[in-house]
Structure formats: C-alpha cells, structure tokens
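Participant: How does the following fold in three dimensions:
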Amino acid sequence: HHAWEEGAGSISSLKNISYVYSPDYIQTCDSLSKVPNRANMVHSLIEAYGLLQHMSIVKPHMATMEDMAKFHTDSYLEHLHKISQDGDNDDPQSADYGLGYDCPVVEGIFEYAAAVGGATVTAAQCLLEQKCDVAINWAGGWHHAKKDEASGFCYVNDAVLGILKLREKYERVLYVDVDLHHGDGVEEAFSFTSKVMTVSLHKFSPGFFPGTGDLCDTGLGKGRWYAVNVPLEDGIGDDRYSQVFTRVLQEVRAQFNPEAVVMQLGADTMAGDPMCSFNMTPVGVGRCLQYVLQWQLPTLLLGGGGYNLANTARCWTYLTAAVLGRTLSSEIPDHEFFTEYGPDYSLEISPSCRPDRNDSKHLEQVISTIKGMCNVPDWLSAQVCMFVWAWSVNRCVCLFVW
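Facilitator: From the prediction side, this is the model:
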C-alpha cells in the first residue's frame with residue numbers, strides 16, 4: 001500500500017486541471033466495439049473516488065469536417081461520413097481507407113470520430129487559453145490513424161489534431177507515447193518537421209503491430225532526429241521502464257526544449273492486459289507522468305490502448321489522482337461498475353511473475369544511441385544514420401537467428 005501511494009505527490013503548484021466530459025461524449029465513446037463501456041467505467045471510477053470536484057469539467061465540442069481536415073484528407077473524411085450513415089460494411093472503397101477488420105464500419109462511426117477529435121481539440125484549446133495547466137481526455141489517444149487511413153482501432157488521429165491546435169501558439173510541441181504499441185500515426189504526421197518531436201516507448205518484435213518504431217526510425221528531412229523510438233521486449237516492469245523513460249526524456253528535453261507536451265498514456269502495458277506483453281502497474285506509469293509534469297509546461301493527457309477494462313480504469317483513475325496530488329484509498333468505492341473489480345475490489349494492480357526479456361546491456365546501448373542522436377551536429381548526421389542502421393540490421397538478424 002505504501003508503494004502505491006508514492007505516485008501521488010508534488011504537483012500541487014499546478015493551478016488548474018481541465019477534464020473533458022459530458023454524458024453524451026461518454027455514451028458516444030462507449031459505442032466503440034473494441035472497448036465497450038470503457039469510457040463509462042473510467043469516468044465512473046474517477047467520479048466514485050470524488051476526483052471530479054477537484055477539476056474543471058469542460059464539455060467537449062464535436063469536431064467539424066474542417067477541424068478534422070487539418071490532418072485528414074477530404075476524401076477519407078467524406079468516405080467515412082458516407083458509410084457511417086447506414087453502417088455500410090460492403091463498400092469496395094473502404095479497404096483503401098483501412099476500414100474493415102481492425103476498424104469495422106458501424107453506423108455512427110463518423111460521429112464517434114468527430115466526438116473524439118473534437119474532445120482533444122477542446123482540451124488543447126483550454127491550454128491555449130490558459131484556462132488550465134493540464135487538460136485530460138482519457139477517451140482520446142487514438143495514435144495509429146493516418147491522414148487517409150483508419151488503422152488499429154483508430155478512425156481519427158485526435159493526438160495529431162491536438163498537437164496542431166497547440167502549434168497555433170507554441171513553437172515546439174513534444175509528443176510522448178507510452179502505449180504498448182508504437183505511435184506510428186503521430187510520428188508519420190510530423191516526420192518531416194523539427195517543430196514537433198515524437199518520443200515513443202513500445203514493444204518492438206517481429207509480427208507485432210504496427211511493425212514500425214525501431215531505433216533507426218528517426219524522422220526525415222528537416223525532421224531528422226526529431227523522432228525518438230525506444231524499442232522494448234516483453235516483461236518490462238515499473239522500475240526498469242521508469243528508469244529508461246527518465247534517462248531518455250532528460251536528454252530529449254535538454255535538446256528540444258519543448259514549450260508544450262502531449263502525452264499518450266495507453267494502459268495496455270499493464271500486467272493483466274490481454275496483450276500479455278509488458279508487466280507494468282500504474283505506479284510505474286505514474287512516475288513517468290510525474291517526471292513530465294514537474295517541467296510545469298502546458299500538458300495534454302490522452303488515453304489510448306487498454307483492453308483489460310477494469311485495469312485501464314484503475315490506471316487512469318490513479319493517474320488522475322497523481323496529477324491532482326491526491327492519494328486514493330485502496331478499496332474500490334461502491335459504484336455502478338463495482339462488480340467488475342472482483343475478486344479483490346482493490347485499486348492496486350499486481351505485477352505477474354513473467355520474466356523480463358529486456359537485457360540490461362542492450363537497454364544501455366539503446367539509451368546511449370539515443371543520447372548520441374540527440375547531440376548530432378548536421379555534418380555528422382549521415383555517418384550516425386549509417387551506424388544506427390547497421391546496428392539495427394545486426395540486431396534484427398540476431399533476433400531472426402534466435
């Protein structure tokens with residue numbers, strides 16, 4: 001219980017937290033078939049712990065076609081709108097836009113996309129107008145969507161829309177992604193610019209979605225070295241993960257000097273998630289979040305993956321309390337979804353005894369390579385790129401042989 005409390009702490013100097021919520025928004029988000037009722041479970045647990053009274057509740061607006069077209073193509077949005085009206089799953093064009101198996105077409109999917117995109121833009125607007133220091137949209141964080149393609153349960157890339165909104169005021173925006181999966185859609189969106197730096201820690205393994213995000217993926221053109229990827233193996237736990245995170249982000253901040261931060265906090269890294277990959281608890285992710293919050297920059301917090309619904313609610317409720325500097329009781333309060341938290345009805349998530357497949361020496365190499373990339377003068381770029389590429393190819397060959 002003592003370890004559980006260490007995440008809550010010293011962010012009390014922050015002036016205000018905005019929490020994006022409306023009953024209609026939650027109802028719309030709950031229509032997503034991959035995570036049914038998750039938005040409601042998360043909100044209900046936050047409410048049951050009495051955290052709403054410590055935040056400003058902001059009603060989100062629906063994104064317009066024009067809002068979403070700041071990133072997505074007109075043709076993609078028009079197609080999504082057309083098939084959404086009658087839930088047409090047989091349109092032959094849908095496959096070209098990534099709509100089908102992972103991103104099924106259901107009636108109202110356009111309204112869902114507009115709701116999520118609009119909520120994240122609303123949260124970003126609160127930061128722009130200095131109504132808050134931290135803005136939260138736990139139902140957002142859909143980081144796989146491309147400009148003209150749905151991907152990995154993501155129909156609209158609300159993270160990209162939020163970053164673009166923040167860029168209206170802030171010169172340099174940092175995107176930090178701790179979801180189990182690589183934040184490929186966000187990285188790709190900003191791969192050619194030095195104004196947005198993307199950092200993603202994720203599982204990287206042959207055949208694991210989306211297959212991108214190796215150490216050698218560092219951005220393109222003017223954006224070279226403005227994408228940082230930290231590939232990890234199965235089984236990593238709180239201590240090692242938070243150490244890697246802190247060392248990488250310390251270097252990133254020193255070199256990039258961000259003016260605002262967007263952080264995607266996908267909870268599919270938790271022990272007990274059906275993805276069966278990492279072995280994290282909310283305490284470890286909380287340490288990473290606290291490290292970023294202590295910079296005291298305008299910060300937008302988003303959700304993402306998380307397929308054990310009760311554990312996802314546990315995680316994001318714990319993180320909400322951590323932002324507020326509050327400690328929560330271990331006992332889940334009685335509320336609508338109370339029975340989902342059995343058999344122990346406890347807020348804690350216990351790590352499993354699965355082995356950590358991350359070799360310490362390899363992690364040190366990853367960190368030192370990233371440090372080297374963060375400090376590369378232009379004239380050395382090509383040489384370092386070749387070194388990283390060769391190192392990565394060698395690693396892939398070793399993995400293949402193994």
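
Participant: which ones are touching the residue nearest in space to the middle of the chain?
Facilitator: By C-alpha atoms, centre = their mean, the chain has its centre lying nearest to residue 264, at 2.2 Å. Neighbour list for residue 264: 141, 143, 159, 175-179, 183, 186, 302-304 [criterion: C-beta atoms under 8 Å, 6 or more residues apart in numbering]. Placement of C-beta: from N, CA and C, glycine included.

Participant: Ok, residue 46 next?
Facilitator: Per C-beta under 8 Å, 6+ apart, neighbours of residue 46: 19, 52, 316, 317, 320.

Participant: quick one: which helix or strand includes it?
Facilitator: Counting by DSSP states H and E, the element that carries residue 46 is helix 38-48.

Participant: And for the helix or strand following that helix, what's in contact with it?
Facilitator: On the C-terminal side of helix 38-48, the nearest following helix or strand under DSSP H and E is strand 56-58. Outside of strand 56-58, the residues that reach it under the criterion C-beta under 8 Å, 6+ apart are 16, 17, 18, 19, 20, 21, 122, 123, 126, 131, 132, 135.

Participant: can I get those in JSON lines with pLDDT?
Facilitator: Formatted as JSON lines, those follow (pLDDT from 0 to 100):
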{"residue": "16", "pLDDT": "93"}
{"residue": "17", "pLDDT": "98"}
{"residue": "18", "pLDDT": "98"}
{"residue": "19", "pLDDT": "98"}
{"residue": "20", "pLDDT": "98"}
{"residue": "21", "pLDDT": "98"}
{"residue": "122", "pLDDT": "98"}
{"residue": "123", "pLDDT": "98"}
{"residue": "126", "pLDDT": "98"}
{"residue": "131", "pLDDT": "96"}
{"residue": "132", "pLDDT": "97"}
{"residue": "135", "pLDDT": "98"}
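
Participant: how about the helices in the stretch 251-400 of the chain?
Facilitator: Using DSSP state H, counting those that start in this stretch, the helices of the stretch 251-400 of the chain run over residues 282-293, 309-324, 360-374, 381-401.

Participant: Need phi/psi at the residue nearest to residue 221 when sequence neighbours are not counted.
Facilitator: The shortest distance from residue 221 to any non-neighbouring residue, by C-beta to C-beta, 6 or more residues apart in numbering, is to residue 192 (4.7 Å). Residue 192 adopts backbone torsions of phi -100, psi 10, taken as degrees, to the nearest 10.

Participant: so residue 192 touches residue 224, yeah?
Facilitator: No - counting by C-beta atoms under 8 Å, residue 192 stays clear of residue 224, with 9.1 Å between them.

Participant: who's more crowded, these two?
Facilitator: residue 224 (19 against 13; other C-beta atoms under 10 Å).

Participant: in the protein, what spans have low per-residue confidence?
Facilitator: 1-15, 376-402 (pLDDT under 70).

Participant: So in that sheet, which strands flank the strand ranked longest in the chain, and in what orientation?
Facilitator: In the chain, with assignment by DSSP state E, the single longest strand is strand 196-203. If you go by DSSP bridges, strand 196-203 pairs up with strand 173-177 (parallel), strand 227-232 (parallel).

Participant: what's the burial count for residue 344?
Facilitator: Using other C-beta under 10 Å, residue 344 has 11 neighbouring residues.

Participant: Ignore what I typed, I meant residue 212.
Facilitator: For residue 212, the neighbour count with other C-beta under 10 Å is 16.

Participant: And for residue 19?
Facilitator: 24.

Participant: swap in residue 57?
Facilitator: Around residue 57 there are 11 residues (other C-beta under 10 Å).

Participant: which non-adjacent residue is nearest residue 29?
Facilitator: residue 39 (3.7 Å).

Participant: Distance check, the one you found against residue 169.
Facilitator: 28 Å (C-beta to C-beta, to the nearest Å).

Participant: Neighbour count: the two, which is higher?
Facilitator: Counted by other C-beta under 10 Å, residue 39 and residue 169 do not tie: residue 39 has more neighbours, with 24 against 15.

Participant: Name the residues that touch stretch 91-100?
Facilitator: 76, 79-80, 82-83, 88-89, 105, 146, 148-151.

Participant: out of those, which is most surrounded?
Facilitator: Highest neighbour count within these: residue 150, with 29 neighbours (other C-beta under 10 Å).

Participant: For that one, give me its contacts.
Facilitator: Residue 150 sits next to 80, 97, 98, 99, 102, 103 when contact means C-beta under 8 Å, 6+ apart.
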